[in-house]
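Colleague: What follows is a predicted protein model with its sequence.
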Amino acid sequence: MEMMEKAEYITSEVEDMVVLRNIVKRFGKVVASDHVNIEIKRNEFFSLLGPSGSGKTTLLRIIAGLEKPDEGVVILEGKDVTNLPPYKRNIGMVFQHLALFPHMTVFENIAYGLRLRKFPEDEIKKRVYDALELVKMPPEVFAGRKPSQLSGGQQQRVAIARALVTQPAVLLLDEPLGALDLKIRQHMMLELKRIQRTVGTTFVYVTHDQGEALVMSDRIAVIHEGRVEQVGTPYEVYEKPRTKFVANFIGESNFFEGILRNGAVETSFGLIKVISDIQSGKKVVISLRPERIKVGKAAGDAENRFEGKIKEIVYKGDVLIVMVALDDVEVKVNVPTTHPEARKLEEGEIIAVGWNAGDEAGVFELEAE
Amino acid sequence: MSIRDKVMGLYSAFVYAFLYVPILIVIVFSFNESRTLGHFTGFSLKWYQVLLEDKVVWVAFYNSLNVAVITTLVSLLLGTLSAYGMIRLDIGGKGAIDSLLYVPIIIPEIAEALSLLLFYKFSGYDLGWLTVLLGHIAFDISFVYVVVRARLAGFDRSLEEASLTLGANEVQTFLKITLPLSMPGIIAAALIAFTLSFDDFIKTAFTTGPGFQTLPLIIWSQSARGGVGPELNALTTVIMAISMTIAYIYARLTMEKQ
C-alpha cells in the first residue's frame, strides 16, 4: 500500500518522532505542564493517560503547535519546531468533537489538506478514495454526504481519514472515542489499532480511560498534575507502577500503610513481608492488586497470611469480588468463579487470604506530613 | 367560543386594523385613478407613471440606493472585523469596547442625529452626501457587529484549529472556514444594514445639505407641503415593497438556520 511506503519513508531517518524536552506551560497560576520530558518513537502507538485536568491535552496541543510552551523544546522528526505554527508541522489531528467542516462534503473534508498542498485533482481523488477505503467507508456511498448525514462512528472514521490523508509523520488524537457509546467505542479501539498498524504512522493518543490506553498502546505516559508519573508499556504501568498514583489510577489496588522495617511493613492488622529497597524506618504504602490475593487453602502456605470475615460478595460472571475485613482494613479480593472454593464462599464466614512478598504491585514511600 | 375569546378576538382585530389599515389604504390608493383620497374610482398605474417620469424622485432614489449600498459594504467590513477581533483576540478592555459598540443601538436617533450635526458644524464640514453616508455607517456598524458577533460566539473553535493542523494558515482558515460558516450571520447583518440605511429619515434630515435628497426626505418634504397625493402613495408603496422584500429574505435565511 502506497500510504505505508510513504510513512516508512518519512520516518526512516529518525528513531524519535516526537521529543518533548523540559516542557513548561502555565495558564495563569495553573501549571498545565511541569517540566515534561517524553520521547515517542516512530511507528509507536503512544498514549498520554491521565485524569481530566491532568494536562494531557495541553501536551498534545503543544505537539500540534496549537499551544506554545512557556519553556522547553518540541522536536518533530529531529527538527526543532517549537516556534512553528501548526500548518508548518507535519502532523494530523483528530479532535475530541471531530471538527468536521459542516459546510463541506465528506470528499471535500478529506481533500481539504490535499488541495492546500496543491495536489492535482486526479491525485486528490485517488488519495481521498484510498483514505476512505482505509477507514472502511465505501467512497461511492459516502464521498458526497455531508457530515450531518453520518452516524457518530462514521464521522469518526472520516475525521481519521482526513487527518491521515496528507500522510503526516505523527497523528495526534484527542480523546476521539469519548462521544461514542460503549459498543462502537470498543469496536473503534480495535479499528484504530488496525489503522495504525496498516499505515505505520506514529499515533499519539490522549485519553482518561485506562482501558483504552491498555488495549491500544505500545507505551503509555501516565500524566498527573502536569507531570509525567511513569512512561512504560501497558504491562509495566500495570504490573510495576512507579508511584502510588499510577497504582491507583491504572487498574484496582488495595493500599496498606505502615512503617517499613527489615523487609516487612508493620500495618494495623499485622506484619506484611515485601520486596523493596526503601530505607528501613520509612512510612510506606503497599499496593496489592485484588487478583494477586489467594483465598482458602491456596493461601495456606503464603508468606503473608491473614484471616478475616467476608463482608460482601459481588458476582461479576468471570470473577467474584470478595471484600474481606482484616481488623479495620477492608481488602478487595478477586476470586475466579472457577476457583474450587468459589461456590462455598459466604458472607459472614471467616476466610484465609494470602500472598507472597513480591506479589505486591509496589511499595511507595509516603512523604512526611 | 366563550365571550372572553370573542372579546380578545375583537381586540386583536382592532390592533391589527389600526396597524395595517393605513398602510393598506396607502397601497390601495396608489392604484386609484382619480386624485381624490376619499373614493376609489378605478384601477390605474398612472401615478406610478408619474413617478417614473419625475426626475427628482429618480435622483433621490439613486441617492438612497447609493448611500445604502456603500453603508452596507463599509459597515459590513468594519462590523465583521470588530466582531471577529472581539471574539478571537485576547486584549484588555474588551468589555468597555463591547459596550461602546452597543451604544448607537440604544441611544435615541434624534440625539444621535443632533450630535452628528453638531460635530459636522464644529469641524466645518459641508453637509451633503459624505456627511449623510458617514452618519449611516457609524450607526450601522453596531448592528452588523451585534449580529455577526452572535453568530461567531457559537462557532466551534476546533474547526479553525482543524484547518490549521491540515496545513492552512490563518488567512486561508478565515477565508475557507470561518467566513463561509459565518455567512448566514453576515448576510443577515447586510440586510439589516441596508434596510436601516435605505429607510432612514431622522439622521439623514439632520445631516444632509442643499441638493442632496433621499427618498424618505422627498416624501417628507412633499407631504409637509400638504401634497399628500397619489404620487406619494405610489412612492411609499415602492419603498415598502423594497424593504419588505429584504425583510422576507432575512426571515427566510434565519428560519433555514433553525
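Modeller: Thanks, I have the structure now. Numbers count the residues shown, from 1 in each chain, chains lettered A, B, ... in the order given.
Colleague: Let me know the pLDDT of the spatially closest residue to residue A:26 that is not a sequence neighbour.
Modeller: Computed as C-beta to C-beta, 6 or more residues apart in numbering or on different chains, the closest residue to residue A:26 that is not its neighbour in sequence is residue A:70, at 5.6 Å. Quick note: C-beta positions are derived from backbone N, CA and C, even for glycine. According to the per-residue confidence, residue A:70 scores 96 in pLDDT.
Colleague: same check, this time on residue B:100
Modeller: Per-residue confidence (pLDDT) for residue B:100: 87.
Colleague: quick one: it and residue B:120, what's the gap?
Modeller: In this structure, residue B:100 and residue B:120 are separated by 21 Å, where distance is defined by C-beta to C-beta, to the nearest Å.
Colleague: do residue A:299 as well
Modeller: If you go by C-beta to C-beta, the gap between residue A:299 and residue B:120 works out to 97 Å.
Colleague: Around chain A, which positions in the stretch 1-150 of chain B sit nearby?
Modeller: Neighbours of chain A within the stretch 1-150 of chain B, by C-beta under 8 Å from any C-beta of the partner chain: none found.
Colleague: is it true that the residue nearest to residue A:26 touches residue A:22?
Modeller: No: taking contacts as C-beta atoms under 8 Å, residue A:70 lies outside contact range of residue A:22: 10.6 Å.
Colleague: Name the residues of the host helix or strand of residue A:352 that are buried.
Modeller: Residue A:352 belongs to strand A:350-355 when assigned by DSSP states H and E. Judged by neighbour count using 16 or more other C-beta atoms under 10 Å in any protein chain shown, the buried positions of strand A:350-355 are A:351-355.
Colleague: now stretch A:302-312
Modeller: Taking 16+ other C-beta under 10 Å as the criterion, stretch A:302-312 shows A:302, A:304, A:306, A:308, A:310 as buried.
Colleague: which SS state does the fourth one fall under?
Modeller: The assignment at residue A:308 comes out as strand when based on DSSP: H, G, I helix; E, B strand; the rest coil.
Colleague: you'd agree it is up against residue A:323?
Modeller: No: the pair residue A:308 and residue A:323 fails to qualify as a contact (C-beta under 8 Å) at a distance of 9.4 Å.
Colleague: strand partners of the strand holding residue A:352, parallel vs antiparallel please.
Modeller: Based on DSSP bridges, the pairing partners of strand A:350-355 within the sheet are strand A:294-295 (antiparallel), strand A:304-315 (antiparallel).
Colleague: With mean pLDDT as new columns, can the ones you listed be given to me in TSV?
Modeller: Rendered in TSV, the data for the strands paired with strand A:350-355 read as follows (pLDDT from 0 to 100):
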stretch	mean pLDDT
strand A:294-295	92
strand A:304-315	93
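Colleague: Using CSV, please lay out these together with distance to residue A:109.
Modeller: CSV is the format used below for these (distance: least, C-beta to C-beta, whole Å):
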stretch, distance to residue A:109
strand A:294-295, 55
strand A:304-315, 46
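Colleague: Now do the same contact list for the closest residue to residue A:347 other than its chain neighbours.
Modeller: Counting by C-beta to C-beta, 6+ apart, residue A:310 is the residue found nearest to residue A:347 once chain neighbours are left out, at 5.2 Å. For residue A:310, the residues meeting the contact criterion (C-beta atoms under 8 Å, 6 or more residues apart in numbering or on different chains) are A:322-324, A:345-351.
Colleague: and what of residue A:233?
Modeller: Counting by C-beta under 8 Å, 6+ apart, residue A:233 makes contact with A:217-220.
Colleague: Residue A:229 too?
Modeller: Going by C-beta under 8 Å, 6+ apart, residue A:229 touches A:222-223, A:242-243, A:245-246.
Colleague: if you set the cut-off to 10 Å instead, what comes out?
Modeller: With contacts defined as C-beta atoms under 10 Å, 6 or more residues apart in numbering or on different chains, residue A:229 is in contact with A:49-50, A:54, A:221-223, A:237, A:241-247, A:249-250.
Colleague: Then residue A:264?
Modeller: With contacts defined as C-beta under 10 Å, 6+ apart, residue A:264 is in contact with A:258, A:270-274, A:276, A:280, A:303-304, A:357.
Colleague: Repeat that for residue A:206.
Modeller: Counting by C-beta under 10 Å, 6+ apart, residue A:206 makes contact with A:47-50, A:54, A:56-61, A:94, A:96, A:172-176, A:178, A:213, A:223.
Colleague: how about 7 Å then?
Modeller: Contacts here follow C-beta atoms under 7 Å, 6 or more residues apart in numbering or on different chains; on that basis residue A:206 touches A:48, A:56-57, A:60, A:173-175.
Colleague: Could you say whether it sits in a helix, a strand or coil?
Modeller: Classified using three-state DSSP, residue A:206 is strand.
Colleague: Could I get the pLDDT score of it?
Modeller: Among the per-residue scores, residue A:206 shows a pLDDT of 96.
Colleague: Just grab the bridge partners of it for me.
Modeller: residue A:48, residue A:174.
Colleague: Now the helix or strand hosting residue B:114: buried residues?
Modeller: Residue B:114 is part of helix B:109-122, with elements assigned from DSSP H and E. Burial within helix B:109-122, assessed by neighbour count using 16+ other C-beta under 10 Å, is assigned to B:112-113, B:116-117, B:120.
Colleague: If anything else comes up later, I'll come back, but that's it for now.
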